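Undergrad: I'd like to go over a predicted model; first the sequence, then the structure.
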Amino acid sequence: MGIWRALWGSPLHERHEQAVRQSLEKQRAERRKRFRVLVSVKDEETLYVVRMAARLANCDTCDIVLLYVRPIDRSGAIQVRLARQNLLEEGIELPGLRRLRKGLDVLREELGLPLENCPAQTAHSSAWGDAAGDNKVSFRCPEGREIVLKLKVAPDVVTGILDQYELGPYNLIIMGEPLRWRKSGLWVLFHEVVAERVLTLAPCSVMIARDSLDRKGFFLCTDGSARAMNAVRRAAVLAYEAGEEITLFSAAPSRAELKAARKAVDDARALLEKLDIPVKDAITAIGDPVDKIIERGEKYMVTVISNNGRSRLYNAFFRTTEREVARRAKTSVLVVR
Amino acid sequence: MARTKAAPPHFDLARDSLQAREPDIITHLRRRGYQRWLMFRRAINLHYFIEKRWFFIAVFIGAVLLMLPTPEGLTREGHIVLVMSVVATILFVTEPVPLPTVALMIVVAQVALLSLESTKVAKSLMTDSVLFIMGSLMLAVAVVKQKLDTRIAWLIVRVTGTRTLSIAFGISVVSGLLASFIGEHTVAAMMLPVGVTLITLTSQDPKKVRNLAAVLLFSISYGCSIAGIGTPSGGARNAIMIDYWQTFFYDPGKPETARFLIDYAKWMAYAYPIFLLQLPFVSIILMTAFKPEYRRLDRAVARLRKKVLAQGPLKPGDWVAIILFFAILYGWIMLSSHYGMGTIAVAGAAAFLIAGLVRWEDVNTGVNWGVVLLYAAAISLGVQMKDTGAAAWVAGKFLDLLNTAGLGEGVGLWAAVSMLTTAVTNTMSNGAAVAVLGPIVLNLAQAAGESPIIIGFITAVSSAFAYLTVVGTPACTIVYASGYLKTTDFLKVGWRMVVMSTLIMLGAAAIYWPMLGA
């Protein structure tokens, strides 16, 4: 009992402990009633991720959290820390903060939010012994929407994003297309693909955003499975609320499977009609599903595909449709979990 | 009756669309488990074997090499020391463990594998050079804490005017002059706010000042890098080389070996002109590699002026700091041959602490004590390399290789040593590079009949040519931390710097150093 208490117990009085837990639960329950989008901001060239978040989460019950994760300085780099401290003491902003401010400007422009009139709360917490630590500025708009800027320090970017999810939870994580997917050669060996790991490890849906905002519509892919149908339904609601048209798609690997593909899109259409969500088009194609989804989905703003639901181990060793589509697509890809 | 049109459906996104996980018990436990896992991973990293793979590979290679028969001409002890050096080099380059850990391992291995007495190994760790490195690092923190950076920036523009080229040159000169005495990493940390202040005062949009930022920030880092060789206190590598010359070649019984006792002033006579010669080229190279968007920085300078005026005149404490700084310089140049450079460095650090200009807590947190330990152990290993004959053996083999390529003497040998050092220093810290290569190249010089002083200087000076990578020198890492530079910028301008520095150094080795009796 003593060991159990030491490992899992709390030094607080039972009533106090319960009150703490209840307030946390209440906060989480409140958050769960809202559509929360976590946007991972990387650099100023990929601010279209913020624009995409503004397009998809444009309602009063939507919260947007802009996150910039700065990896902890390498061990022994005391001088880098000293330099950072000097910069902070001089009142010079850290690079991440600059990017988050740019992101905020984009949100202000896209959503027309009067953020200067919204009460702002700032919070700072020390993290990993870093001079700057974690910093947060949140704006609460009169209609209840919350916009948060978060500058986080973490051992690596992936851990930072997943850590932030734990504080959430979130309905959607949006991040830009990693450079490594666009480049080739020796360069790729020296850069970790954050998006790939988040795609595998995140507990919620993940969007790999590309600069596809000039295009229109959601391209919803289904293979007829219950998981895919569920994804179609949920993504269709998002598309409908965002005012985007919906196109259903199913690919048959061979001519023999065309009938099943047609049935899949018909079922999906029926499912959405029941919900009074209009479907613009429903199409099928014969060929490798990955190639066909990429080819046909190119002219839409977002391609939606469901997560395969397999274990991380399987995903680590085998080619999966959603990862291939996310990697090779020319448009934004939403992987629904 | 006309049918009323149904109202469009409305959905609750949080409920009907993409799901955040429901608060069921499994999710809750999984989330708690994940958090516990993160906490656990923070303490004991389960990716340990992947992250530390190079450590295990290095140890495995070391074990295999130890089991191999001792090569002909090498003693068993020499064999062990050589294997230790190979393992240490792999760990220096790949950094799977914090670098000071390598120092601790070197100490343990000397006792365990070479059966040396623990007290003897401990004694070999502390020399005047190590004391000097420690004192210099403490002094550097004390100087940075005086917060003179805005004034320095003002001083620069007062002299240079508001032209971008002149300011860039001024920044290189000031960074260089300071870095030549108190260590490049600290000067870079001190000057970075100066550079960033000038950049942000010109424009808040980084895209509009990309090239300007590159010119000003590289002026800091390269100004510091080329200056680090100027004096022994400019970098630990210089002190290491001085220690090697003394340990390897100086014999109190032979007065003719006294030329291997290189004091502060003597080092400056050899190396300072090389730094000064490189200075104008840095600005020219930077201005040609990056064409700055602004030819003049009047706006930034006006704002800087406002900042300086707001600070008021220099306070008494600032004057004391400046006087102390110059007193220490005087001590190093005029008195180090008598009292030792290390003693003067620690005396200076003590003076700053006594005068209350810096708190011990700041010194304690600002000094990278691991570096002191690292260089102490590296020097100790270098001495073992020499004592066991391992360095001579490697030098002989390397010389044979160079002879077959026709580079066994003269300028060919110098260029080969310089290239070897440049390659090594771009992959590990320059101090570690000199510590590893020092014993080998000095033995090489002896075997080839070249002057160990010239070869030693070539190695020490070339170790500053880590211009190509972000991690090459602390100064580069620091300016990169500002967020204005890309990794490719270092390659773009770095190769020009390497060529320029190498040519100037080889010129000095051929013409200038022999005139000083090297």
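TA: Nice, I can see it. Numbers count the residues shown, from 1 in each chain, chains lettered A, B, ... in the order given.
Undergrad: Please make it C-alpha for all contacts and neighbour counts, starting now.
TA: OK.
Undergrad: Check whether the host helix or strand of B:Phe218 comes into contact with chain A.
TA: Taking DSSP states H and E as the definition, B:Phe218 sits inside helix B:210-227. No: under the criterion of CA under 8 Å from any CA of the partner chain, chain A is not reached by helix B:210-227; the shortest gap measures 12.7 Å.
Undergrad: tell me what that helix is packed against?
TA: helix B:164-182, helix B:184-202, helix B:264-289, helix B:474-480 (3 or more CA pairs under 8 Å, 6 or more residues apart in numbering or on different chains; DSSP states H and E).
Undergrad: which stretch among those comes nearest chain A?
TA: Nearest of the helices and strands packed on helix B:210-227 to chain A, taken as CA to the nearest CA: helix B:184-202 at 4.4 Å.
Undergrad: Next, the angle from that closest one to helix B:164-182.
TA: Angle, helix B:184-202 to helix B:164-182, by axes from the mean of the first three to the mean of the last three CA atoms, to 10 degrees: 160 degrees.
Undergrad: Need the phi and psi values for the most centrally placed residue in chain A.
TA: Closest to where the C-alpha atoms of chain A average out (CA atoms, centre = their mean) is A:Ile173, at 1.0 Å. Here is the backbone geometry of A:Ile173 (degrees, to the nearest 10): phi -110, psi 130.
Undergrad: In contact with it: list those residues for me.
TA: Residues near A:Ile173 by CA atoms under 8 Å, 6 or more residues apart in numbering or on different chains: A:37-40, A:204-207.
Undergrad: same question, A:Asn307
TA: A:227-228, A:322, A:335-337.
Undergrad: Likewise for B:Ala265?
TA: B:332-334.
Undergrad: Mind listing the strands the helix or strand where A:Arg36 lies pairs with, and their directions?
TA: Secondary-structure assignment from DSSP H and E places A:Arg36 in strand A:35-40. In the sheet, strand A:35-40 lines up against strand A:62-71 (parallel), strand A:172-176 (parallel) (DSSP bridges).
Undergrad: ok, for B:Tyr347, nearest residue in space, not its chain neighbours?
TA: Actually, residue B:347 is Ala rather than Tyr. Leaving aside its sequence neighbours, B:Ala347 sits nearest to B:Gly135 (CA to CA, 6 or more residues apart in numbering or on different chains; 7.9 Å).
Undergrad: surely that neighbour meets B:Gly340?
TA: No: look at B:Gly135 against B:Gly340 with CA atoms under 8 Å: they stay out of range, at 11.9 Å.
Undergrad: Which one of the two is surrounded by more residues?
TA: B:Gly135 (25 against 18; other CA atoms under 10 Å in any protein chain shown).
Undergrad: For B:Ala395, see how far away the more buried one is.
TA: 33 Å (CA to CA, to the nearest Å).
Undergrad: B:Val93 now?
TA: 21 Å.
Undergrad: Of those two, which one has the most company?
TA: More neighbours surround B:Ala395 than the other of B:Val93 and B:Ala395, with 23 against 18 (other CA under 10 Å).
Undergrad: list the contacts for that one?
TA: B:440-441, B:443-444, B:447.
Undergrad: Just the buried subset of these, written out for PyMOL, thanks.
TA: A single PyMOL command selects the buried members of the contacts of B:Ala395 (16 or more other CA atoms under 10 Å in any protein chain shown):
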select buried, chain B and resi 440+441+443+444
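Undergrad: Make a markdown table from the contacts of B:Ala395 and add distance to chain A, pLDDT and secondary structure to it.
TA: A markdown table is the format used below for the contacts of B:Ala395 (distance: CA to the nearest CA, whole Å; pLDDT from 0 to 100; DSSP: H, G, I helix; E, B strand; the rest coil):
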| residue | distance to chain A | pLDDT | secondary structure |
| --- | --- | --- | --- |
| B:Ile440 | 27 | 87 | helix |
| B:Val441 | 28 | 88 | helix |
| B:Asn443 | 32 | 86 | helix |
| B:Leu444 | 33 | 85 | helix |
| B:Ala447 | 38 | 84 | helix |
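Undergrad: Go through the contacts of B:Ala395 and say which is closest to B:Ile167.
TA: B:Val441 (39.3 Å; CA to CA).
Undergrad: Next, the distance between the ends of stretch B:306-321.
TA: Terminal-residue distance, stretch B:306-321 (CA to CA): 24 Å.
Undergrad: Can you pull out the residues in contact with it?
TA: B:143, B:146, B:150-151, B:154, B:352, B:357.
Undergrad: Quick one, which of those are buried?
TA: Here, 16+ other CA under 10 Å leaves B:143, B:150-151, B:154, B:352, B:357 buried among the contacts of stretch B:306-321.
Undergrad: which two of these lie the greatest distance from each other?
TA: Top of the distance list for these (CA to CA): B:Trp154 and B:Phe352, 24.7 Å.
Undergrad: burial of B:Trp63, as a residue count?
TA: Slight slip there: residue B:63 is Ala, not Trp. 14.
Undergrad: Could you do A:Arg197 as well?
TA: Counted with other CA under 10 Å, A:Arg197 comes out at 15.
Undergrad: The closest residue to it other than its chain neighbours: helix or strand, and which one exactly?
TA: Leaving aside its chain neighbours, A:Arg197 sits nearest to A:Val158 (6.8 Å; criterion: CA to CA, 6+ apart). With secondary structure defined by DSSP H and E, A:Val158 is part of helix A:157-167.
Undergrad: Counting by contacts, list what that helix packs against.
TA: Judged by 3+ CA pairs under 8 Å, 6+ apart, the packing partners of helix A:157-167 are strand A:62-71, strand A:146-154, helix A:194-201.
Undergrad: Tell me the residues of the stretch 201-337 of chain A that contact chain B?
TA: A:203-205, A:233-238, A:241, A:275-277, A:336-337.
Undergrad: try 6 Å
TA: A:234, A:237-238 (CA under 6 Å from any CA of the partner chain).
Undergrad: Let me have the residues you listed in a markdown table, extended by secondary structure, pLDDT and neighbour count.
TA: Below are those laid out as a markdown table (DSSP: H, G, I helix; E, B strand; the rest coil; pLDDT from 0 to 100; neighbours: other CA atoms under 10 Å in any protein chain shown):
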| residue | secondary structure | pLDDT | neighbour count |
| --- | --- | --- | --- |
| A:Arg234 | helix | 92 | 21 |
| A:Val237 | helix | 93 | 25 |
| A:Leu238 | helix | 92 | 22 |
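Undergrad: residues making contact with stretch B:280-298?
TA: B:162-164, B:169, B:211-212, B:215 (CA atoms under 6 Å, 6 or more residues apart in numbering or on different chains).
Undergrad: which of the contacts of B:Ala395 lies closest to B:Thr247?
TA: Among these, B:Asn443 lies closest to B:Thr247 (CA to CA), at 12.4 Å.
Undergrad: Surely that closest one is in contact with B:Ala390?
TA: No: with contact defined as CA atoms under 6 Å, B:Asn443 does not count as touching B:Ala390 (9.8 Å).
Undergrad: relative to helix A:194-201, how tilted is the helix holding A:Val158?
TA: Going by the same axes, to 10 degrees, helix A:157-167 makes 40 degrees with helix A:194-201.
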